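Chemist: okay, structure incoming, though there's no sequence with it:
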DNA sequence: ACCTGAACACCGTTCAAGT
DNA sequence: ACCTGAACACCGTTCAAGT
């Protein structure tokens, strides 16, 4: 309409509060994690994060190469919450288990984030620090380097899979429902379904519904963790006295 | 435009070849798996599958409740390719390993399908048949029922995580490239990155780049599988003679 | 009962234009 | 250098209408 005018002296144009804080990688990642915590990984879209920051989706591309990179940055951001063990504080096997439990705690407290980790070579500083700590514990415990290398991978796979498994129990809640109650109902449905299966085709499954559905997530985690750590420890060469 | 007319006798309306075959659940699922094999799980959208069938996305909803159900049906469809072991053909531990390798073979031959399995309670007939076979091997081998129940879960987690991990190595190919060569290049980049990390912060990682990146996917799989099966076997009570 | 077109409310990413 | 609006080429799902 009107031709362009110079801004009058003393007037700063500041058109209707653009973004409260200037955009930055960190701010974008922190905002994305907030959305993740509140509504899960599915809800974290470029558009949603931009909206939360009071801007449009195109603005994010100046700080982040795309959605994939944003997801990886979110994962590493969250990995920064993991408290690493002080070496020598206890038996290496117990410390490695403690670290695994700590990772589980952090992952499961951030929705679906473990899905991002699944099949990703860790490159962020915090993820690398965790791998470094795991390697330190194993190498100091006498695990051969090659085994320790494989074990970091296998342990990571286990932790990712467990965290993803965990979220299906907690995340199936529709918002506004009692999450415990809807979980119990959903679980009871599964048990009924298993019991209703044809016995001749699935004799073991129908015969052990309680064993198959009884174990809590913690039981499953501790069972797998124990097996893994014992397996790793079995590669430690017998010490001097043998 | 023109008012409605009755169809003249002898004239079948058959307007321009609607769908070559009549729509059905099976046809939809088989088509979806074809898209999965050719272009990966991401490419399997309701619209894409409908297009492949010469119809619109809304037509699928008469046979399938939505995308989530379609994905689960795809997984079970694929699980039908797994050849189950004949009990008694060999040592239960070796048979269980063979079954795991067979599942791995089938999963990795169907793109990203393992992502669907991740954190899903198996309910389809083929998935249940696999669980039944695993339980049969373990129970016949003397594994206590409660342990066998946990082990089915843990084994499933391992297989899912491994298959997802595998696809990142094979699926990062841009179409039209030599997949082997682009894989080698990508992998060499990772090694360079690890070597370039600050040695004081990551002494173990930088000191064992070869051990961390050397192992092939098969090494990792066999390592994890061996540990798991040995761990499960350790719960078999000592037999009579002890 | 099955199928359809059109619409609704979303996506990720690009790009020319602005400051 | 950073930010933006608008556009492009997609999504899943619903619903009234058709046969």
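Modeler: Sure, I can see it. Everything quoted here is computed from the prediction, not taken from an experiment.
Chemist: CA only for contacts and neighbour counts going forward, please
Modeler: Will do.
Chemist: for the closest residue to DNA strand D within chain A, give me its contacts.
Modeler: Closest to DNA strand D within chain A is residue A:59: 3.3 Å, counting by CA to the nearest atom of the strand. Contacts were defined as CA atoms under 8 Å, 6 or more residues apart in numbering or on different chains; by that measure residue A:59 touches residue A:50.
Chemist: next, it: secondary structure please.
Modeler: With DSSP: H, G, I helix; E, B strand; the rest coil as the basis, residue A:59 sits in helix.
Chemist: likewise residue A:201?
Modeler: Judged by three-state DSSP, the three-state class of residue A:201 is coil.
Chemist: how far away is it from residue A:208?
Modeler: 14 Å (CA to CA, to the nearest Å).
Chemist: looking at these two, which one has more neighbours?
Modeler: A side-by-side neighbour count of residue A:201 and residue A:208, using other CA atoms under 10 Å in any protein chain shown, places residue A:208 first with 18 against 13.
Chemist: not counting sequence-adjacent ones, nearest residue to the more buried one?
Modeler: Sequence neighbours aside, residue B:145 is the residue nearest to residue A:208 in space, at 7.5 Å (criterion: CA to CA, 6 or more residues apart in numbering or on different chains).
Chemist: what's the burial count for that neighbour?
Modeler: A count of neighbours around residue B:145, defined by other CA under 10 Å, yields 17.
Chemist: surely it touches residue A:211?
Modeler: Yes. With contacts defined as CA atoms under 8 Å, residue B:145 counts as touching residue A:211 at a distance of 6.8 Å.
Chemist: buried ones in the helix or strand in which residue A:204 is found?
Modeler: Under DSSP states H and E, the secondary-structure element containing residue A:204 is helix A:203-207. Under the neighbour-count criterion of 16 or more other CA atoms under 10 Å in any protein chain shown, helix A:203-207 has A:204-206 buried.
Chemist: so which of these also contact chain B?
Modeler: Among these, the ones lying near chain B by CA under 8 Å from any CA of the partner chain are A:204-205.
Chemist: tell me the one among the buried residues of helix A:203-207 nearest to residue B:46.
Modeler: Within those, the smallest distance to residue B:46 is 33.3 Å, found for residue A:205 (CA to CA).
Chemist: correct me, but the closest one touches residue A:194?
Modeler: Yes. When contacts are counted by CA under 8 Å, residue A:205 is listed as touching residue A:194 (7.2 Å).
Chemist: could you say what helices and strands the helix ranked longest in chain A packs with?
Modeler: Criterion DSSP state H: the longest helix present in chain A is helix A:145-171. Using 3 or more CA pairs under 8 Å, 6 or more residues apart in numbering or on different chains; DSSP states H and E, the elements in contact with helix A:145-171 are helix A:92-108, helix A:114-117, helix A:125-140, helix A:179-195, helix A:217-233, helix B:145-171, helix B:209-214, helix B:217-233.
Chemist: 6 Å instead, please
Modeler: The elements that helix A:145-171 packs onto, with contact taken as 3 or more CA pairs under 6 Å, 6 or more residues apart in numbering or on different chains; DSSP states H and E, are helix B:209-214.
Chemist: is chain A within reach of the helix it packs on?
Modeler: Yes. Contact between helix B:209-214 and chain A, assessed by CA under 6 Å from any CA of the partner chain, occurs at B:211-212.
Chemist: next one: that helix to chain centre, how far?
Modeler: The chain centroid and the centroid of helix B:209-214 are separated by 27 Å, computed with CA atoms, centre = their mean, to the nearest Å.
Chemist: give me the contacts around that helix.
Modeler: Identification of contacts with helix B:209-214 by CA atoms under 6 Å, 6 or more residues apart in numbering or on different chains yields A:146, A:149.
Chemist: how about stretch A:91-102?
Modeler: Stretch A:91-102 is touched from outside by A:137, A:141, with contacts defined as CA under 6 Å, 6+ apart.
Chemist: change it to 8 Å
Modeler: Around stretch A:91-102, the neighbours that count as contacts under CA under 8 Å, 6+ apart are A:82-85, A:89, A:134, A:137-138, A:140-141, A:159, A:225, A:229, A:233.
Chemist: ditto for stretch A:69-86
Modeler: Applying CA under 8 Å, 6+ apart, the contact partners of stretch A:69-86 are A:29-30, A:32-33, A:64, A:95, A:99, A:102-103, A:106-107, A:110, A:113-114, A:116-117, A:124-127, A:130, A:133.
Chemist: buried set for that stretch?
Modeler: Within stretch A:69-86, the residues that qualify as buried by neighbour count (16+ other CA under 10 Å) are A:70-80, A:82, A:84-85.
Chemist: kindly report the same for stretch A:230-242.
Modeler: If you call a residue buried by 16+ other CA under 10 Å, then stretch A:230-242 has these buried ones: A:231-233.
Chemist: need the residues you listed in CSV (columns: pLDDT and distance to chain B).
Modeler: Conversion of the buried residues of stretch A:230-242 to CSV gives the following (pLDDT from 0 to 100; distance: CA to the nearest CA, whole Å):
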residue, pLDDT, distance to chain B
A:231, 96, 5
A:232, 97, 8
A:233, 97, 10
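Chemist: kindly calculate the angle that the helix or strand of chain A with the lowest mean pLDDT makes with helix B:125-140.
Modeler: Least confident helix or strand of chain A, by mean pLDDT, DSSP states H and E, is helix A:179-195 with a mean of 84. Helix A:179-195 and helix B:125-140 are oriented at 80 degrees to each other (axes from the mean of the first three to the mean of the last three CA atoms, to 10 degrees).
Chemist: other SSEs contacting helix A:179-195?
Modeler: With contacts defined as 3+ CA pairs under 8 Å, 6+ apart, the packing partners of helix A:179-195 are helix A:145-171, helix A:203-207, helix A:209-214.
Chemist: winner for burial among the ones you listed?
Modeler: The highest mean neighbour count among these belongs to helix A:145-171 (a mean of 22), with neighbours defined as mean count of other CA atoms under 10 Å in any protein chain shown.
Chemist: appreciated, that's everything.
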